[in-house]
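# how would this look folded up:
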Amino acid sequence: MFRKIVQPFYTAYAIISFSTGLAILFPFFLLISIGNNIAARRTIYKIVTYWAKSWLWMNGMSLKISGPIPPKRRYVVVANHISYLDTVVVFNGLPGYFRALGKKEFSKVPVMGFLYRQIVIMVDRSSEHSRARSMRLMWRVLKNEADIMIFPEGTFNETGKPLKEFYNGAFRLAIDTQTPILPVIFPDTVDRWHYSHWWKIWPGRNRAIYLPPIQVEGLQLEDLPALKQRVYEEMEAALIKAAA
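Numbers count the residues shown, from 1 in each chain. As a prediction, this is how the structure comes out:
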């Protein structure tokens, strides 16, 4: 009963504080983005990281990082995706500067879409040309700029299982570039902001749990199904353990 009464007010506070922060920072993003280069994107990333941390703190959503800290190098980071909050938590929950692969459709959202276009590598999954272009961009980013972060499920996991089926893209990228995979799980975000109702937000803890990096050195494309299955099984087991 208490939650039913309080939740609308808490949700309104969370959304207003989110929107206000974005509105205040937007002119700075606009100015910085004129550079349209790695330095500009890194600066925007740092600002977003501080903003995300502040917003989580203001809304009573602490974030705890656990698991082995990975050695400093480039990774293809893969994470489960089950909440609207995942796209906020990643900025404080991942070990270093990254650029994410995201749906092109989200770039059309007013204001937020502008920021999205600055830091996300966009893909239209229905277009073979778009998928090929995004793969080339991710190659370039891994070589010259940052980690790549991908939600291999592609969208929210609504199956009732710990994970839904993975797409191939993250694993193809890792093999093609011989870049290790860093699996990360977010087991609590679904309880903070459920995918089924954007207006149902509730405070509490969040965890980012790092799993050991998975090496791909020497693997070829025929090894992709086995690699994908290995990552799936390790992330699934970690999610089940975290929920226990």
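# only C-alpha atoms for contact and neighbour calcs from this point on.
Fine.
# Give the bridge partners for the nearest residue to Gly96 once chain neighbours are set aside, please.
Closest residue in space to Gly96, ignoring its immediate chain neighbours: Asp147 at 7.5 Å, by Cα to Cα, 6 or more residues apart in numbering. Judged by DSSP bridges, the bridge partners of Asp147 are Phe98.
# and Phe9, what pLDDT?
pLDDT recorded at Phe9 is 92.
# Past the one helix or strand it maps to, which element shows up next along the chain?
In the assignment (DSSP states H and E), Phe9 maps to helix 2-32. Following helix 2-32 in sequence order, the next helix or strand is helix 38-58 (DSSP H and E).
# Check which helices and strands that next one is in contact with.
Judged by 3 or more Cα pairs under 8 Å, 6 or more residues apart in numbering; DSSP states H and E, the packing partners of helix 38-58 are helix 2-32, helix 86-93, helix 112-119.
# what about that helix, average pLDDT?
For helix 38-58, the per-residue pLDDT averages 93.
# Also compute the angle for it relative to helix 112-119, please.
130 degrees (axes from the mean of the first three to the mean of the last three Cα atoms, to 10 degrees).
# pLDDT at the closest residue to His194 other than its chain neighbours, what is it?
With Cα to Cα, 6+ apart as the criterion, His194 has its nearest non-adjacent residue at 5.5 Å, and that residue is Ser83. The per-residue pLDDT reported for Ser83 equals 93.
# Is it correct that Ser83 is in contact with Trp198?
No. Using Cα atoms under 8 Å, Ser83 makes no contact with Trp198, being 9.2 Å away.
# more neighbours, those two?
Ser83 (25 against 13; other Cα atoms under 10 Å).
# Quick check on Lys64: phi, psi?
phi -110, psi 130 (degrees, to the nearest 10).
# which residues does it contact?
Residues near Lys64 by Cα atoms under 8 Å, 6 or more residues apart in numbering: 205-208.
# Reformat the helices and strands packed on helix 38-58 as CSV; add mean neighbour count and distance to Tyr167.
What follows is these, written out as CSV (neighbours: other Cα atoms under 10 Å; distance: least, Cα to Cα, whole Å):
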stretch, mean neighbour count, distance to Tyr167
helix 2-32, 14, 31
helix 86-93, 19, 18
helix 112-119, 18, 22
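# Quick one: closest of the ones you listed to Leu142.
helix 112-119 (14.0 Å; Cα to Cα).
# in its sheet, what does the following helix or strand past that closest one sit against?
Remark: after helix 112-119, the chain's next helix or strand is strand 120-123, criterion DSSP H and E. Here strand 120-123 is paired, per DSSP bridges, with strand 98-103 (parallel).
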